[in-house]
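>>> coords below, sequence missing:
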């Protein structure tokens, strides 16, 4: 038995990196954060949220909402990156 037990957080981070699970976990977190930060109104019109490379793809069922959100893409990028705690998103595509 080791004298200095490893921090469980460090062990989990190493496991995630070692098994290349970061992208999948980030994708799940982004879906949760989208609903949390955009509110129920926007979430009800959101059909899909997906991260591919550094691009966030958001599928919306409302053309009016899509147009309105297109004016705030940079704010969405900043908000989501702040919530994730890392610079993961560089581009937003609304469809």
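Received, thanks. All values derive from a computational prediction rather than experimental measurement.
>>> Tell me the backbone dihedrals of residue 71, please.
Main-chain torsions, residue 71, degrees, to the nearest 10: phi -80, psi -20.
>>> separation between it and residue 36?
Note on residue 71: its distance to residue 36, by CB to CB, to the nearest Å, is 21 Å. Where C-beta positions appear, they are placed from N, C-alpha and C, glycine not excepted.
>>> Give me the nearest residue to the residue most central in space within the chain, chain neighbours excluded.
The residue lying closest to the centre of the chain (CA atoms, centre = their mean) is residue 30, at 2.3 Å. Leaving aside its chain neighbours, residue 30 sits nearest to residue 51 (5.2 Å; criterion: CB to CB, 6 or more residues apart in numbering).
>>> Counting neighbours, which bits of stretch 62-75 end up buried?
Using 16 or more other CB atoms under 10 Å as the test for burial, stretch 62-75 gives 65, 69.
>>> list the contacts for residue 34?
For residue 34, the contacting residues are 43, 46, 49, 58, 80, by CB atoms under 8 Å, 6 or more residues apart in numbering.
>>> average pLDDT for the helix or strand hosting it?
For residue 34, the host element (DSSP states H and E) is helix 22-45. The average pLDDT for helix 22-45 rounds to 92.
>>> Downstream of that helix, the next helix or strand is which one?
Note on helix 22-45: by DSSP H and E, the next helix or strand toward the C-terminus is strand 46-52.
>>> Which neighbours in the sheet does that following strand have, and how are they oriented?
Using DSSP bridges, the strands paired with strand 46-52 are strand 55-60 (antiparallel).
>>> Show me what secondary structure element comes after the partner strand.
Strand 55-60 is succeeded, C-terminally, by helix 63-70 (DSSP H and E).
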